[in-house]
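Student: Kindly generate the corresponding structure for this input.
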Amino acid sequence: MNALTKPEMHALSNSHLDALEEETIFILREVAAVFERPALLFSGGKDSLVMLKCAEKAFGTGRLPYPLLMIDTGHNFPEVTDFRDLRAKELGAELIVRNVEDSMKRGTVRLAHEGESRNVHQSVTLLEAIEEFRFDALIGGARRDEEKARAKERIFSHRDSFGQWQPKSQRPELWTLFNTRLQPGEHFRVFPISNWTELDVWQYIARENIALPSIYYTHKREVVDRRGLLVPVTELTPPKGDEKVQIRDVRFRTVGDITCTCPVESLAATPQDIVLETLAADVSERGATRMDDKTSDASMEKRKKDGYF
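Tutor: Got it, this is the predicted structure:
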(Lines give C-alpha, C1' and ligand atoms only; values in the text may rest on other atoms or scores of the structure.)
Protein backbone atom coordinates (compact mmCIF):
# COMPACT_ATOMS: atom_id res chain seq x y z
CA MET A 1 0.00 0.00 0.00
CA ASN A 2 1.31 3.44 -0.92
CA ALA A 3 2.15 5.83 1.91
CA LEU A 4 -0.25 8.72 2.39
CA THR A 5 0.84 12.04 0.95
CA LYS A 6 1.04 15.03 3.27
CA PRO A 7 -2.25 16.59 2.04
CA GLU A 8 -4.02 13.24 2.49
CA MET A 9 -2.60 12.84 5.99
CA HIS A 10 -3.95 16.24 6.92
CA ALA A 11 -7.36 15.68 5.34
CA LEU A 12 -10.09 16.35 7.90
CA SER A 13 -13.79 15.86 7.33
CA ASN A 14 -15.81 19.05 7.34
CA SER A 15 -19.14 17.58 6.21
CA HIS A 16 -20.68 18.52 9.57
CA LEU A 17 -20.20 22.21 8.74
CA ASP A 18 -23.24 22.13 6.47
CA ALA A 19 -25.48 21.23 9.44
CA LEU A 20 -23.92 23.93 11.64
CA GLU A 21 -24.28 26.51 8.88
CA GLU A 22 -27.92 25.51 8.29
CA GLU A 23 -28.70 25.89 12.01
CA THR A 24 -27.02 29.31 12.14
CA ILE A 25 -28.88 30.56 9.07
CA PHE A 26 -32.18 29.33 10.55
CA ILE A 27 -31.53 31.24 13.80
CA LEU A 28 -30.49 34.43 11.96
CA ARG A 29 -33.69 34.31 9.92
CA GLU A 30 -35.74 33.56 13.03
CA VAL A 31 -34.39 36.70 14.71
CA ALA A 32 -35.26 38.81 11.65
CA ALA A 33 -38.78 37.38 11.57
CA VAL A 34 -39.63 37.56 15.27
CA PHE A 35 -38.03 40.74 16.63
CA GLU A 36 -38.74 44.36 15.73
CA ARG A 37 -35.34 45.96 16.38
CA PRO A 38 -32.52 43.39 16.36
CA ALA A 39 -28.81 44.12 15.87
CA LEU A 40 -25.74 41.98 15.23
CA LEU A 41 -22.81 42.50 17.59
CA PHE A 42 -19.82 42.89 15.29
CA SER A 43 -16.28 43.23 16.65
CA GLY A 44 -14.34 42.37 13.50
CA GLY A 45 -13.18 39.13 15.15
CA LYS A 46 -13.34 35.66 13.62
CA ASP A 47 -16.61 34.57 15.25
CA SER A 48 -18.55 37.67 14.20
CA LEU A 49 -17.06 37.38 10.70
CA VAL A 50 -18.29 33.78 10.48
CA MET A 51 -21.75 34.93 11.57
CA LEU A 52 -21.62 37.69 8.98
CA LYS A 53 -20.80 35.13 6.27
CA CYS A 54 -23.80 33.05 7.33
CA ALA A 55 -25.95 36.21 7.33
CA GLU A 56 -24.86 36.90 3.74
CA LYS A 57 -26.04 33.41 2.80
CA ALA A 58 -29.28 33.88 4.76
CA PHE A 59 -30.30 37.23 3.27
CA GLY A 60 -27.99 38.00 0.34
CA THR A 61 -25.06 40.41 0.07
CA GLY A 62 -26.06 43.98 0.88
CA ARG A 63 -29.44 42.91 2.27
CA LEU A 64 -28.69 42.46 5.96
CA PRO A 65 -31.99 43.23 7.77
CA TYR A 66 -30.37 44.55 10.95
CA PRO A 67 -27.51 46.94 11.79
CA LEU A 68 -24.07 45.96 13.07
CA LEU A 69 -23.24 47.16 16.59
CA MET A 70 -19.76 47.52 18.08
CA ILE A 71 -18.89 48.61 21.62
CA ASP A 72 -15.43 50.18 21.37
CA THR A 73 -13.28 50.45 24.48
CA GLY A 74 -10.84 52.76 22.69
CA HIS A 75 -8.17 50.14 23.42
CA ASN A 76 -8.89 47.71 20.60
CA PHE A 77 -6.25 46.50 18.18
CA PRO A 78 -6.21 48.89 15.19
CA GLU A 79 -5.86 45.94 12.77
CA VAL A 80 -9.25 44.71 14.00
CA THR A 81 -11.17 48.01 14.02
CA ASP A 82 -9.82 48.91 10.56
CA PHE A 83 -10.95 45.53 9.24
CA ARG A 84 -14.34 45.97 10.94
CA ASP A 85 -14.92 49.25 9.10
CA LEU A 86 -13.72 47.80 5.80
CA ARG A 87 -15.98 44.74 6.01
CA ALA A 88 -19.06 46.80 6.95
CA LYS A 89 -18.39 49.10 3.99
CA GLU A 90 -17.98 46.14 1.61
CA LEU A 91 -21.37 44.77 2.69
CA GLY A 92 -23.10 48.14 2.64
CA ALA A 93 -24.21 47.45 6.20
CA GLU A 94 -25.16 50.05 8.80
CA LEU A 95 -22.42 50.10 11.46
CA ILE A 96 -23.22 51.62 14.85
CA VAL A 97 -20.22 52.23 17.12
CA ARG A 98 -20.65 53.30 20.73
CA ASN A 99 -17.60 54.14 22.86
CA VAL A 100 -16.78 53.37 26.48
CA GLU A 101 -15.02 56.76 26.57
CA ASP A 102 -18.38 58.49 26.04
CA SER A 103 -19.80 56.59 29.02
CA MET A 104 -16.79 57.76 31.04
CA LYS A 105 -17.53 61.38 30.08
CA ARG A 106 -21.16 60.94 31.15
CA GLY A 107 -20.02 59.50 34.47
CA THR A 108 -21.78 56.17 34.00
CA VAL A 109 -18.39 54.42 33.83
CA ARG A 110 -15.76 55.21 36.45
CA LEU A 111 -12.38 53.55 36.42
CA ALA A 112 -10.82 52.56 39.74
CA HIS A 113 -7.49 53.90 38.45
CA GLU A 114 -6.15 55.22 35.16
CA GLY A 115 -4.58 51.91 34.18
CA GLU A 116 -7.70 49.78 34.80
CA SER A 117 -8.89 47.74 31.82
CA ARG A 118 -12.01 49.14 30.20
CA ASN A 119 -13.06 45.71 28.98
CA VAL A 120 -15.36 44.88 31.87
CA HIS A 121 -17.09 48.27 31.52
CA GLN A 122 -18.33 47.48 28.00
CA SER A 123 -21.53 46.13 29.54
CA VAL A 124 -22.53 49.64 30.71
CA THR A 125 -22.03 51.16 27.26
CA LEU A 126 -23.82 48.20 25.67
CA LEU A 127 -26.87 48.63 27.91
CA GLU A 128 -26.89 52.35 27.10
CA ALA A 129 -26.89 51.50 23.38
CA ILE A 130 -29.76 49.06 23.89
CA GLU A 131 -31.77 51.80 25.60
CA GLU A 132 -30.83 54.39 22.96
CA PHE A 133 -31.92 52.28 19.99
CA ARG A 134 -34.52 50.18 21.85
CA PHE A 135 -32.98 46.95 20.61
CA ASP A 136 -35.04 43.89 21.52
CA ALA A 137 -32.48 41.30 20.37
CA LEU A 138 -28.70 41.32 20.07
CA ILE A 139 -26.99 38.59 18.05
CA GLY A 140 -23.61 37.59 19.50
CA GLY A 141 -20.82 35.20 18.57
CA ALA A 142 -20.40 33.43 21.92
CA ARG A 143 -19.79 29.67 21.75
CA ARG A 144 -20.35 27.05 24.43
CA ASP A 145 -16.83 25.63 24.15
CA GLU A 146 -15.17 28.95 25.05
CA GLU A 147 -15.74 29.11 28.78
CA LYS A 148 -17.83 27.40 31.48
CA ALA A 149 -20.17 30.40 31.97
CA ARG A 150 -20.99 30.20 28.26
CA ALA A 151 -21.28 26.41 28.25
CA LYS A 152 -24.70 26.50 29.93
CA GLU A 153 -26.03 29.45 27.93
CA ARG A 154 -29.22 29.16 25.88
CA ILE A 155 -29.25 30.06 22.17
CA PHE A 156 -32.01 32.58 22.94
CA SER A 157 -30.88 34.03 26.27
CA HIS A 158 -33.41 36.21 28.07
CA ARG A 159 -32.31 39.46 29.74
CA ASP A 160 -34.46 41.42 32.19
CA SER A 161 -35.28 45.14 32.09
CA PHE A 162 -31.91 45.87 33.73
CA GLY A 163 -30.10 43.94 31.00
CA GLN A 164 -29.13 41.22 33.43
CA TRP A 165 -29.11 37.44 33.04
CA GLN A 166 -31.36 35.66 35.53
CA PRO A 167 -31.21 31.84 35.63
CA LYS A 168 -34.90 31.43 36.53
CA SER A 169 -35.95 33.52 33.53
CA GLN A 170 -34.29 31.29 30.94
CA ARG A 171 -36.70 29.36 28.72
CA PRO A 172 -36.56 25.68 27.73
CA GLU A 173 -35.35 25.13 24.17
CA LEU A 174 -36.94 22.06 22.61
CA TRP A 175 -35.52 21.20 19.19
CA THR A 176 -35.93 24.44 17.20
CA LEU A 177 -38.84 25.84 19.20
CA PHE A 178 -37.87 29.12 20.87
CA ASN A 179 -39.98 31.15 23.31
CA THR A 180 -39.26 34.75 22.31
CA ARG A 181 -41.95 36.56 24.31
CA LEU A 182 -40.78 39.76 25.95
CA GLN A 183 -42.11 42.26 28.46
CA PRO A 184 -41.42 45.99 27.89
CA GLY A 185 -37.76 46.82 28.52
CA GLU A 186 -36.55 43.22 28.22
CA HIS A 187 -34.44 41.82 25.40
CA PHE A 188 -32.76 38.67 24.16
CA ARG A 189 -29.14 37.85 23.45
CA VAL A 190 -29.07 35.33 20.61
CA PHE A 191 -26.07 33.08 19.93
CA PRO A 192 -26.41 31.37 16.52
CA ILE A 193 -22.99 29.66 16.67
CA SER A 194 -23.39 28.32 20.22
CA ASN A 195 -22.91 24.74 19.03
CA TRP A 196 -19.74 25.46 17.03
CA THR A 197 -16.28 24.79 18.41
CA GLU A 198 -13.08 26.71 17.74
CA LEU A 199 -12.10 23.92 15.34
CA ASP A 200 -15.43 24.23 13.49
CA VAL A 201 -14.91 27.99 13.12
CA TRP A 202 -11.46 27.57 11.59
CA GLN A 203 -12.60 24.76 9.30
CA TYR A 204 -15.43 27.00 8.10
CA ILE A 205 -13.05 29.94 7.59
CA ALA A 206 -10.83 27.68 5.50
CA ARG A 207 -13.74 26.25 3.49
CA GLU A 208 -15.39 29.60 2.80
CA ASN A 209 -12.12 31.50 2.38
CA ILE A 210 -13.20 34.17 4.89
CA ALA A 211 -10.81 37.12 5.20
CA LEU A 212 -9.66 37.98 8.75
CA PRO A 213 -7.58 40.68 10.45
CA SER A 214 -3.89 39.95 9.98
CA ILE A 215 -3.16 39.43 13.68
CA TYR A 216 -4.98 36.08 13.62
CA TYR A 217 -1.98 34.72 11.70
CA THR A 218 1.69 34.43 12.64
CA HIS A 219 3.66 37.64 12.94
CA LYS A 220 6.57 38.92 14.99
CA ARG A 221 5.64 40.91 18.09
CA GLU A 222 7.33 42.19 21.22
CA VAL A 223 5.99 40.32 24.26
CA VAL A 224 6.83 39.62 27.90
CA ASP A 225 6.19 36.34 29.68
CA ARG A 226 3.89 37.15 32.60
CA ARG A 227 2.44 34.35 34.72
CA GLY A 228 2.40 31.96 31.78
CA LEU A 229 0.84 34.40 29.31
CA LEU A 230 2.62 36.25 26.49
CA VAL A 231 1.60 39.85 27.12
CA PRO A 232 2.03 42.12 24.07
CA VAL A 233 4.24 45.16 24.68
CA THR A 234 2.25 48.31 23.87
CA GLU A 235 1.78 51.79 25.33
CA LEU A 236 -1.13 50.38 27.32
CA THR A 237 0.73 47.24 28.44
CA PRO A 238 4.40 48.16 29.03
CA PRO A 239 6.87 45.77 30.68
CA LYS A 240 6.87 45.73 34.48
CA GLY A 241 9.96 45.84 36.67
CA ASP A 242 12.67 43.55 35.36
CA GLU A 243 10.51 41.77 32.77
CA LYS A 244 12.51 40.91 29.68
CA VAL A 245 11.06 41.98 26.32
CA GLN A 246 11.30 39.27 23.66
CA ILE A 247 10.40 39.19 19.98
CA ARG A 248 8.37 36.05 19.29
CA ASP A 249 6.42 34.56 16.40
CA VAL A 250 2.85 34.77 17.67
CA ARG A 251 -0.78 34.92 16.60
CA PHE A 252 -4.01 35.80 18.41
CA ARG A 253 -6.57 33.05 18.99
CA THR A 254 -9.13 35.63 20.08
CA VAL A 255 -9.11 39.42 19.85
CA GLY A 256 -10.41 41.91 22.38
CA ASP A 257 -9.21 44.80 24.47
CA ILE A 258 -5.42 45.24 24.23
CA THR A 259 -5.13 45.42 28.02
CA CYS A 260 -6.38 41.86 28.57
CA THR A 261 -5.77 39.90 25.34
CA CYS A 262 -2.61 37.86 24.82
CA PRO A 263 -1.25 36.05 21.77
CA VAL A 264 0.06 32.49 21.65
CA GLU A 265 3.34 31.35 20.14
CA SER A 266 2.66 30.10 16.63
CA LEU A 267 3.98 29.82 13.09
CA ALA A 268 0.52 29.19 11.60
CA ALA A 269 0.13 31.38 8.52
CA THR A 270 -3.08 29.97 7.01
CA PRO A 271 -6.46 28.70 8.24
CA GLN A 272 -5.35 25.17 7.37
CA ASP A 273 -2.27 25.57 9.61
CA ILE A 274 -4.48 26.81 12.45
CA VAL A 275 -6.86 23.86 12.04
CA LEU A 276 -3.91 21.52 12.69
CA GLU A 277 -2.79 23.59 15.70
CA THR A 278 -6.30 23.62 17.12
CA LEU A 279 -6.51 19.84 16.90
CA ALA A 280 -3.49 19.63 19.20
CA ALA A 281 -4.57 22.38 21.63
CA ASP A 282 -5.52 21.33 25.15
CA VAL A 283 -6.47 24.78 26.51
CA SER A 284 -9.50 26.77 25.34
CA GLU A 285 -8.86 29.97 23.43
CA ARG A 286 -10.00 32.20 26.30
CA GLY A 287 -8.13 30.12 28.86
CA ALA A 288 -4.93 30.52 26.89
CA THR A 289 -5.22 34.20 26.01
CA ARG A 290 -7.49 36.27 28.27
CA MET A 291 -6.13 37.89 31.44
CA ASP A 292 -9.59 39.18 32.42
CA ASP A 293 -10.89 35.60 32.77
CA LYS A 294 -8.20 34.77 35.33
CA THR A 295 -9.15 37.34 37.97
CA SER A 296 -11.34 34.70 39.66
CA ASP A 297 -13.06 31.40 38.85
CA ALA A 298 -16.39 33.24 38.59
CA SER A 299 -15.25 36.35 36.69
CA MET A 300 -17.08 35.48 33.46
CA GLU A 301 -20.18 34.34 35.37
CA LYS A 302 -20.39 37.71 37.09
CA ARG A 303 -19.98 39.59 33.82
CA LYS A 304 -22.71 37.50 32.22
CA LYS A 305 -25.13 38.48 34.98
CA ASP A 306 -24.12 42.13 34.51
CA GLY A 307 -24.97 41.97 30.81
CA TYR A 308 -21.46 41.61 29.36
CA PHE A 309 -22.54 38.98 26.81
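Student: give me the low-pLDDT residue ranges for this protein?
Tutor: Where the chain drops to pLDDT under 70, the residues are 1-11, 284, 286-309.
Student: Can you show me the helices along it?
Tutor: 6-9, 17-34, 46-59, 78-91, 100-106, 122-133, 148-151, 198-208, 271-280, 285-289, 299-305 (DSSP state H).
Student: Name the residues of the second one that are buried.
Tutor: So the one you mean is helix 17-34. Neighbour-count burial for helix 17-34, counted by 16 or more other Cβ atoms under 10 Å, picks out 17, 20-21, 23-25, 27-28, 30-32, 34. Quick note: C-beta positions are derived from backbone N, CA and C, even for glycine.
Student: quick one, that helix and helix 198-208 angle?
Tutor: Using axes from the mean of the first three to the mean of the last three Cα atoms, to 10 degrees, the inter-axis angle of helix 17-34 relative to helix 198-208 is 90 degrees.
Student: Identify the bridge partners of residue 38.
Tutor: Taking DSSP bridges as the rule, residue 38 bridges to residue 137.
Student: That one: what's it in contact with?
Tutor: 31-32, 65-66, 135-139, 190 (Cβ atoms under 8 Å, 6 or more residues apart in numbering).
Student: now the strands for the stretch 101-250 of the chain?
Tutor: 137-139, 156-159, 187-190, 219-226, 229-232, 246-251 (DSSP state E, counting those that start in this stretch).
Student: Of all these, which one is nearest residue 78?
Tutor: Taking Cβ to Cβ, strand 229-232 is the member of the strands of the stretch 101-250 of the chain nearest to residue 78, at 12.6 Å.
Student: Residues in contact with that closest one: which ones?
Tutor: By Cβ under 8 Å, 6+ apart, strand 229-232 touches 221-225, 237, 248, 250, 258, 261-265, 289, 291.
Student: same thing with stretch 102-114?
Tutor: 100, 118, 121, 124-125, 128.
Student: try it again with 7 Å
Tutor: 100, 121, 124-125, 128 (Cβ atoms under 7 Å, 6 or more residues apart in numbering).
Student: Show the end-to-end separation of that stretch, please.
Tutor: 16 Å (Cα to Cα, to the nearest Å).
Student: Buried residues in that stretch, which are they?
Tutor: Buried residues in stretch 102-114 (16+ other Cβ under 10 Å): 103-104, 109.
Student: Ok, stretch 225-232 next?
Tutor: 229-232.
Student: Among those, which pair sits farthest apart?
Tutor: 229 and 232 (10.0 Å).
Student: What residues does the closest residue to residue 83 other than its chain neighbours make contact with?
Tutor: Distances taken as Cβ to Cβ, 6 or more residues apart in numbering place residue 213 nearest to residue 83, at 4.3 Å, with adjacent residues excluded. By Cβ under 7 Å, 6+ apart, the residues touching residue 213 are 44, 79-80, 83, 255.
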